[in-house]
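K.L.:
Any chance you could fold what I've pasted below:
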Amino acid sequence: MNDKTKNLICSGVFFLFGAFLYFESLSIKVLMTKDLGSGFFPKVIAVSIMVMAIVELIITLTNKRIVKDEKTDRDIKGGLLTIMCMAAYIALYDSLGFLLSTALYLFFQILILSTEKNRRIPLFALISVASSVVIYVIFVYAISMPLPTGILSF
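P.N.:
Numbering: from 1, shown residues only. Next comes the predicted model:
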């Protein structure tokens, strides 16, 4: 199977996945009476996935040939590591809580996406922790939407 066929199949699978997410988000019950409702963000993600799948499909169809290079292998490895990080994040979210699991996820995701040339671990740790704390403060104190505290129960 050549790369163009793989890209076409991948675009189709992701479009169907986005459509499935959108369909499932229609059944989310509104828990808090906010303007947008609980199902708004999942719908945004689902539509974003479908749009990106369509963009990938258009790019694949308009390219005459796709050249395979050594970067492709690194991209596949990064993609698999990203999926593993997401799975770990989901598995650890309730037990570790939002702050720890999100900081760990962001740190490892930034590490995966960086190259050896621009890898600065202290900066990545600072960004991960600061981002998690800012998001936590916004959700808990500004929006009054509680997030799991996990082992760091306050």
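K.L.:
Please make it C-alpha for all contacts and neighbour counts, starting now.
P.N.:
OK.
K.L.:
Arg120: how many residues sit nearby?
P.N.:
13 (other Cα atoms under 10 Å).
K.L.:
pLDDT score for it?
P.N.:
What the model reports as pLDDT for Arg120 is 92.
K.L.:
Low-confidence regions, this structure specifically.
P.N.:
1, 30-38, 64-74, 154 (pLDDT under 70).
K.L.:
where do the helices sit along it?
P.N.:
3-25, 40-62, 70-113, 121-137 (DSSP state H).
K.L.:
domain ranges for this protein?
P.N.:
Here the domain parsing of the chain from automatic domain parsing is 1-67, 69-154.
K.L.:
mind listing what the closest residue to Val47 other than its chain neighbours touches?
P.N.:
The spatially closest residue to Val47, leaving aside those adjacent along the chain, is Gly18, at 6.4 Å (Cα to Cα, 6 or more residues apart in numbering). Gly18 sits next to 45-50 when contact means Cα atoms under 8 Å, 6 or more residues apart in numbering.
K.L.:
mind running it again at 10 Å?
P.N.:
By Cα atoms under 10 Å, 6 or more residues apart in numbering, the contact set of Gly18 is 12, 24, 42-53.
K.L.:
In stretch 123-138, which residues are buried?
P.N.:
124-125, 127-129, 131-133, 136-137 (16 or more other Cα atoms under 10 Å).
K.L.:
Surely Ala88 is in contact with Tyr105, unless I've mixed up the numbering?
P.N.:
Yes. The pair Ala88 and Tyr105 qualifies as a contact (Cα atoms under 10 Å) at a distance of 8.1 Å.
K.L.:
ok, these two, which is more surrounded?
P.N.:
Tyr105 (23 against 14).
K.L.:
quick one: the more buried one from Leu81, how far?
P.N.:
11 Å (Cα to Cα, to the nearest Å).
K.L.:
cool, Val13 as well?
P.N.:
Taking Cα to Cα, one finds Val13 at 20 Å from Leu81.
K.L.:
cool, Asn63 as well?
P.N.:
Applying Cα to Cα to Asn63 and Leu81 gives a distance of 28 Å.
K.L.:
Could you do Thr149 as well?
P.N.:
26 Å.
K.L.:
Show me the common contact partners of Ala88 and Tyr105, please.
P.N.:
Thr82.
K.L.:
Need the residue closest to the centroid of this protein.
P.N.:
Nearest to the geometric centre of the chain sits Met86, at 7.2 Å (Cα atoms, centre = their mean).
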